[in-house]
Each structure stands twice: as C-alpha cells, then as structure tokens.
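Enquirer: sequence first, predicted coordinates after that:
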Amino acid sequence: MSKSDDLFKRREAIISKGVGYFTWGATAVSGEGAVIRDADSRELLDFASGIGVTSAGHCPEPVVKAIQAQAAELLHACIHVATYEPYVALCEKLAELFPHGDATKVFLTNTGAEAVENAIKIARQATKRPAIICFSEGFHGRTLLALSVTSKVGYKTHCGPFAPEIYRLPFPNQFKYGDGLSTEAFIKRELNRFRQALVNTVSPDQVAAVLIEPIQGEGGFVPAPAEYLQGLRKICDEYGILMILDEVQSGFGRAGKWAAYQYSDITPDLSTWAKAMGGGLPIAAVVGKAEVMDACAPGTLGGTYGGNPVSCTAALANIAYLEDQKLIERSAALGEVIQARFRSIQERCGLVADVRGFGAMQAMEFCHNRDPLRPAGEVVKEILTGCLDDGLLAISAGAHGNIIRTLPPLTISDEQLEQALSILEKRILQHASS
Ligand SMILES: Cc1ncc(COP(=O)(O)O)c(C=O)c1O
C-alpha cells in the first residue's frame, strides 16, 4: 500500500466523516512554490493552494523567516489584554489597501466564517435592524450564522435550526438563470427582483445588510456583473441598507486585483477577508467604514486568538511579498492564459458548458449537452482523480461538484502552468465525445 493510501486510511479511521475531502488519496508533506510533495515523495503541481490560501507560493522565504522571528519574540498576548504592534500594523495596512470611504477601521479574526459572522453583527448594531439578504450558491463558512447565510444544503444537513431573519435571492448568474435574456435585460430583471423583495419579502427598514461575493468562490467562480453590483449599491444607499462584500476567496489578488469589487468601481460599507491574506496562517479581517465599525458596543467583538501576533506578522510579510513580486499583475496574466486554454478546450469538449472567471480564478462548468440543468459532477470527479494520478492537484466547486476551478499559487512558472493545463486538457478530452 502506498504511504498516501495508508495515511488516508488512518484519516478515515480517526477524523470525523463530517470533514469532507475532494479527492481520495491526496496527501501533503511539504511544499515549495507551486509544488507539493506528497507522502510518497511524489511532486504534485498545485492548482488548489489549500483553497486559495497560498497565493505567494508554498513557504516563501521572507514569510517563513518573519514567522520564525515573531514566534521567538511573542507567540500570544490577546488584543483584549495587551496591545501589540503586528495587530495594529496589519489593520493599518488593510485600511490602506481597502479604503472604505473617508475613514476606515478594521477588526481581526481567525477564519473567514468568523469574519462574516462579525460583519453581520456589526451591520446589525450599526443599523439596529435584524435582516440580512444573501444569495443562492453563496458560501460564507460553516459556523452557525455563516452557515445560515450559506446556500448549498449539502453543507447544512441536520445542522439547523438556522439563524432567523435571513432572506435569499438568486445570485445574478446569467449562465444558470439567464433564460436567454441579453445581459442588459438580465441585470435589469435581477435588480427589479431585488426591489420587489423589499416590497413582498422583507421591509427595507428591517434590512441591516446585503451580503454578496463579488465573484462566488465555492459557488463556482461566477462573477456578479459590475452593473448589478452598482445597482445594488444604489438600492442600499436609498434604503440605508449596508453592503457587505465577502472577499474571503476572491481577495488579495486571487481575482487579478487586490479586491474583486474593484472591477465594479464600488465601495462596500463592510468587507470580509481571509485565505490569501495570511498565506497559510489562520487570519481574517472585517474592514469597514469607521462610523459603521464604531457603532459597536465595546465587548461585542473579539476573541482569545483573533489577530494572533504570529498570524499578523505572517500576513504583513505575505502582503509585502505579493507587492514586491507583483503577484496581483501576475494573477491577471495567468487568468488570460488559463481562460484562453479553457475556451479552446470548450470548443473540443461538448461537456464544457461555460468558461468564466476573474484573474487566476478561472472555471469550467461541466453539464451534459451543455444544459445548465444537467450538471456533470461525476465526470468532474473522474477528471480530477485522473489529474491526481498524473501529478496535478486540482479541486471542484459548485453545488453539484460539476465545476473545475483554478487556484494556483500566483508564483507558478509559465512552464509549470503549461504542464498543469496539459494534464487537465488530456484528462478532459478523454470525455470529449460524451
Ligand atoms: C467567500 C467565502 N466566505 C467565507 C468562507 C469561510 O472561510 P473559512 O473557511 O476560513 O471559515 C469561505 C471559505 O471557503 C469563502 O469562500
């Protein structure tokens, strides 16, 4: 038995079944740049980045050194007990990168789910309203409030009752819900649907916030059209509803810009960040307009570990590395290559129904006869298992697991990218005649 199989068997014997996995047998021992070495010393090209985390590559030297130095200096203090420089410096940096209006404030957590939970708590305190409007296919994490705003029922089996005052509308996904309309007509209809919801579903004076991913992550890399987000911004301003943009998966260059909302030229009232911010250590943030962030009563935000000094130092070094190596620009360039290749594959494979994405966040949606109502999740599973055999670690997305998404380290070389795309192409084209 291979060491990977053995490790997987031990996993299955001791780790709860509730902790799912994408591909049986995928293991990791060490990582460098865009390569992971597995338990059998096999080199795998990484197209997952631990779900969009290791954007700066695995173990970039300046980040590892900063972590080592900070670990030797101060492992933990707790921001409620003693204020330390890395927490303050990271908040300052995030406010500089993502200004939310005239004055911006920041609060740090450990995970994306916690960031979303707290953004909702902040919005409720600032507006003194209870309701949240969220979207189909949205993913916001697995804590109970985050799960309540998450869409896919497969993540929620018997986990309820869920938090009340959550209202969900269809995400503006033209491929899925376009009904043959032009983009302009589709966006108009969806914005009208939103306005109708404020008449027929929940009164706007009860709505604290709208929560939306500018490009859906787990939902399958579906960008919200810029005109839709702009229209939503207008409606929010009209009714005093706060706009929360969840950038946990799309932020820090994943989508080819520091923030995916920059494609829409809008400013949110609150935004949530995690994953590629820390480059591997658990760290997340809520960024918001200062008057909104300060509407919270002291003691309502926080926790023992949020903004741990080692994680903050890692995030600061990681952000500096993304800047120095121009990895945001690299993400945009990678996206062009990947999307062109995906479109060429689409021409040759009748199962590839849609190709889309921003920056290095690119996706192919697989449907039988290219029919959005006939998702081909079983084909994607087979393709990705084949890719692992060929040395490429890639993952799916979507409620039916029928979407292949790319989340490579942004440090991936042109040669490595070509190698990864060739493996993927070969495995997909085996299904070309399906
Ligand atoms: C958009 C989005 N929000 C929130 C989360 C939850 O983050 P975490 O897994 O760190 O709790 C995720 C995780 O995939 C995500 O993609």
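Expert: Arrived safely, thanks for sending.

Enquirer: so what's the residue count around Pro372?
Expert: 15 (other C-beta atoms under 10 Å). Yep, even glycine has a C-beta here, placed from its N, CA and C like the rest.

Enquirer: show me the contacts for it.
Expert: Counting by C-beta atoms under 8 Å, 6 or more residues apart in numbering, Pro372 touches 175-176, 353-354, 365.

Enquirer: next: Ala397.
Expert: Ala397 sits next to 217-221, 363, 403-405 when contact means C-beta under 8 Å, 6+ apart.

Enquirer: ok, now which ones touch the nearest residue to Asp205 once chain neighbours are set aside?
Expert: Leaving aside its chain neighbours, Asp205 sits nearest to Arg129 (6.9 Å; criterion: C-beta to C-beta, 6 or more residues apart in numbering). By C-beta under 8 Å, 6+ apart, the residues touching Arg129 are 205-208.

Enquirer: just checking, which of the contacts of Pro372 belong to helices?
Expert: Members of the contacts of Pro372 lying in helices (criterion: DSSP state H): 175-176.

Enquirer: buried ones among the contacts of Pro372?
Expert: 176, 353-354, 365 (16 or more other C-beta atoms under 10 Å).

Enquirer: output those as JSON lines; include the columns distance to the ligand.
Expert: As requested, the buried ones among the contacts of Pro372 are exported to JSON lines (distance: C-beta to the nearest ligand atom, whole Å):
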{"residue": "Lys176", "distance to the ligand": "18"}
{"residue": "Ala353", "distance to the ligand": "22"}
{"residue": "Asp354", "distance to the ligand": "20"}
{"residue": "Glu365", "distance to the ligand": "17"}
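
Enquirer: quick check: the two most widely separated of those residues?
Expert: Lys176 and Ala353 (9.9 Å; C-beta to C-beta).

Enquirer: okay, now whichever residue of the chain sits closest to the ligand: neighbour count?
Expert: Closest residue of the chain to the ligand, C-beta to the nearest ligand atom: Gly112 (2.3 Å). Around Gly112 there are 30 other residues, counting by other C-beta under 10 Å.

Enquirer: Phe139 is in contact with that one, correct?
Expert: No: between Gly112 and Phe139 there is no contact under C-beta atoms under 8 Å: 9.3 Å.

Enquirer: so where do the helices sit in the stretch 101-250 of the chain?
Expert: For the stretch 101-250 of the chain, the helices defined by DSSP state H, counting those that start in this stretch cover 112-127, 144-149, 174-177, 183-200, 226-239.

Enquirer: neighbouring contacts of the third one?
Expert: By C-beta under 8 Å, 6+ apart, the surrounding residues in contact with helix 174-177 are 170-171, 181, 183, 186, 190, 222, 225, 353-354, 356, 365, 372.

Enquirer: the ligand contacts on this protein?
Expert: With C-beta under 6 Å from any ligand atom as the criterion, the chain comes near the ligand at residues 51, 111-113, 116, 139-141, 213, 217-218, 246, 248-249, 274.

Enquirer: spell out which residues make up each domain of the protein.
Expert: Here the domain parsing of the chain from automatic domain parsing is 3-56+326-429, 63-324.

Enquirer: phi and psi next, for His58.
Expert: When read as degrees, to the nearest 10, the backbone of His58 gives phi -80, psi 130.

Enquirer: what bridges to it?
Expert: According to DSSP bridges, the partner residues bridging His58 are Gly33.

Enquirer: any idea which residue sits dead centre in this structure?
Expert: The C-alpha lying nearest the average C-alpha coordinate of the chain belongs to Gln249 (C-alpha atoms, centre = their mean; 1.6 Å).

Enquirer: contacts only, for that one.
Expert: Neighbours of Gln249 in contact, by C-beta under 8 Å, 6+ apart: 51-52, 112, 213, 215, 217-218, 275, 361.

Enquirer: and the residues you listed, which is closest to Ile79?
Expert: Nearest to Ile79 among the contacts of Gln249 is Gly112, at 18.9 Å by C-beta to C-beta.

Enquirer: I'd like to know how far the closest one sits from Gly306.
Expert: Note on Gly112: its distance to Gly306, by C-beta to C-beta, to the nearest Å, is 13 Å.
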